[in-house]
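Participant: Below are the sequence and a predicted model for it; my questions follow.
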Amino acid sequence: MKQTEQESLNFLHIKKPVFDYEIDPSPTKFSEMYNNIMIRMAEGGKAPMPLIKATVVTLDPSGMSGNNDIPDLLASDLYARIEDENGKIWIPLYTDRKAISEQFKTNDIQEVPIRDVIKAACVNKSVSGVLINPNGLKFPLAKQYLKLMVEEEPTYADLWKVNLDAVTGEDLT
């Protein structure tokens with residue numbers, strides 16, 4: 001299977017930095033890994049996600065209930081979940097389709113923005129964070145780091161655009 005452009009960028013900015021951090025778990029390597037994930041978010045990077053099938057049915061024979069009584073179903077509610085050996089629940093972040101486990105018996109694998117995966121893990125109270133590549137060299141990113149990522153994303157996005165402007169000569173702002 002040929003690697004997509006998204007998968008190639010995910011390898012460079014997520015999978016490789018995680019591997020480098022595993023070899024040398026220093027603050028410098030953690031910072032490099034964190035910055036690389038932020039770069040992928042800022043540039044609109046996507047990751048494959050197995051989606052869970054769900055059907056929402058609302059019964060209202062009178063037709064009088066209105067939309068206020070119906071809870072919103074977020075797209076993040078359809079994201080796969082993984083339970084670790086300690087019973088904690090994580091949202092997986094895969095860098096490529098080959099990394100997706102056979103445990104997800106679905107053909108519905110969508111490319112979703114990494115930003116959405118991180119935000120979903122931040123807001124979901126039952127989730128401990130994001131687990132990067134849970135079937136291989138896995139790395140947990142706890143909510144405390146995810147919240148920082150969400151808060152810092154606008155700054156990284158602006159820096160990314162300025163740096164890209166310098167390289168391409170285009171004004172992306």
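Facilitator: Thanks, I have it. For clarity, every value in this text was computed on a predicted model and none was experimentally measured.
Participant: Give me the helices and strands touching whichever helix or strand Ser31 is part of, please.
Facilitator: Using DSSP states H and E, Ser31 sits in helix 27-42. Identification of packing neighbours for helix 27-42 by 3 or more CB pairs under 8 Å, 6 or more residues apart in numbering; DSSP states H and E yields helix 16-23, helix 114-123, helix 143-168. (Glycine included, C-beta is placed from N, CA and C.)
Participant: change it to 10 Å
Facilitator: helix 5-10, helix 16-23, helix 114-123, strand 129-132, strand 139-142, helix 143-168 (3 or more CB pairs under 10 Å, 6 or more residues apart in numbering; DSSP states H and E).
Participant: Tell me the neighbouring strands of the helix or strand just after it, and mark each as parallel or antiparallel.
Facilitator: Once helix 27-42 ends, the next helix or strand along the chain (criterion: DSSP H and E) is strand 46-50. Within its sheet, strand 46-50 is paired with strand 109-113 (antiparallel), according to DSSP bridges.
Participant: any idea of the mean pLDDT for the strand it pairs with?
Facilitator: Average pLDDT, strand 109-113: 87.
Participant: Just the CA trace of it, in CSV.
Facilitator: Extracted as CSV, the C-alpha positions of strand 109-113 are listed here (Å, rounded to 0.1, in the frame of the first residue of the first chain):
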residue,chain,number,x,y,z
ILE,A,109,-11.9,4.7,8.3
GLN,A,110,-11.9,8.4,7.8
GLU,A,111,-9.2,11.0,7.6
VAL,A,112,-10.0,13.4,10.4
PRO,A,113,-8.2,16.6,11.5
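Participant: what's next to it, contact-wise?
Facilitator: 4, 6-7, 40-41, 44-51, 75-76, 78-80, 93-94, 97, 100, 119-120 (CB atoms under 10 Å, 6 or more residues apart in numbering).
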